[in-house]
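[1] mind folding the following:
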Amino acid sequence: MGALTIAPGDLPVALDEVKAMLRIASGDEDALIAGLARSAADLCERFTGRLLIARAVNETLARRTGWQRLGAAPVQAIDTVAALDAAGEATPLGIGDYSIDIDALGEGWVRLHAAPAGARVRVRYVAGMAASPSDLPEALRQGIVRLAAHFFIERDAAAGPPAAVTALWRPWRRLSIA
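    This next block holds a predicted model:
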């Protein structure tokens, strides 16, 4: 896996959902709650090993032949593979210069048939579990809401996250053996 640049995505839960969980009607702390929801969504992605909402990803890989696994998942589409020169300028590779694959687990793979000029290649692709927040599994969304509410309530304490959050997220967790 190489260096990843992931475009910002939509928040997978509505601010109103977190406020409802907290029983807050005013908008006085909306910015704080939205930030906590973003943090909870980021932790969900890190725990599950999956991007939640589909978005663009640029990944720089080493210039070598052989299959290389892409770092973000689940991959929905691989758009372009380009050679990068020393200045970072991209030259798209021809369709016969590489192979791509998306396996049954949503892992994306790229194989260069020959090492192109330059030290690196850039792969642009789209990865994410759902097209929109409403398409996400409810358990993931509820875990994010619960964790954001927990962060709000326990912001001055050192309490760990509720066990219910990991129980909700665990079925979607992707582990890899290094």
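
[2] which residue ranges make up each domain of this protein?
    11-50+135-172, 55-127 (automatic domain parsing).

[3] for residue 4, which of the ones you listed is the nearest?
    Closest to residue 4 of those, according to C-beta to C-beta: domain 55-127, at 4.9 Å. Every residue, glycine included, has its C-beta placed from N, CA and C.

[4] which element follows the longest strand seen in the chain toward the C-terminus?
    Criterion DSSP state E: the longest strand present in the chain is strand 75-84. Proceeding N to C from strand 75-84, the next assigned helix or strand is strand 90-92, under DSSP states H and E.

[5] which stretches of this protein form strands?
    Using DSSP E, strands in the chain cover 3-6, 55-62, 66-69, 75-84, 90-92, 98-102, 108-112, 120-127.

[6] the fifth one: how far from the chain's middle?
    Same thing as strand 90-92. 25 Å (C-alpha atoms, centre = their mean, to the nearest Å).

[7] avg pLDDT for stretch 106-124?
    Summarised as a single mean, pLDDT over stretch 106-124 is 87.

[8] follow-up on the earlier one: could the domains of the chain be laid out in CSV, adding distance to residue 5 and mean neighbour count?
    What follows is the domains of the chain, written out as CSV (distance: least, C-beta to C-beta, whole Å; neighbours: other C-beta atoms under 10 Å):
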stretch, distance to residue 5, mean neighbour count
domain 11-50+135-172, 15, 17
domain 55-127, 4, 16
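
[9] out of the ones you listed, which gets nearest to residue 3?
    Judging those by C-beta to C-beta, what sits closest to residue 3 is domain 55-127, at 4.6 Å.

[10] average model confidence for the longest strand of the chain?
    94.

[11] strands paired with it, and their directions?
    strand 90-92 (antiparallel), strand 120-127 (antiparallel) (DSSP bridges).

[12] what is the least confident helix or strand in the chain?
    In the chain, no helix or strand scores lower on mean pLDDT, DSSP states H and E than strand 3-6, which sits at a mean of 86.

[13] in its sheet, what does that one sit against?
    Checking strand 3-6 against DSSP bridges gives partners strand 55-62 (antiparallel).

[14] what mean pLDDT does the partner strand have?
    94.

[15] how far does it sit from its chain's centre?
    12 Å.

[16] ok, residues contacting it?
    1-9, 51, 68, 70-72, 84, 110, 119-128 (C-beta atoms under 8 Å, 6 or more residues apart in numbering).
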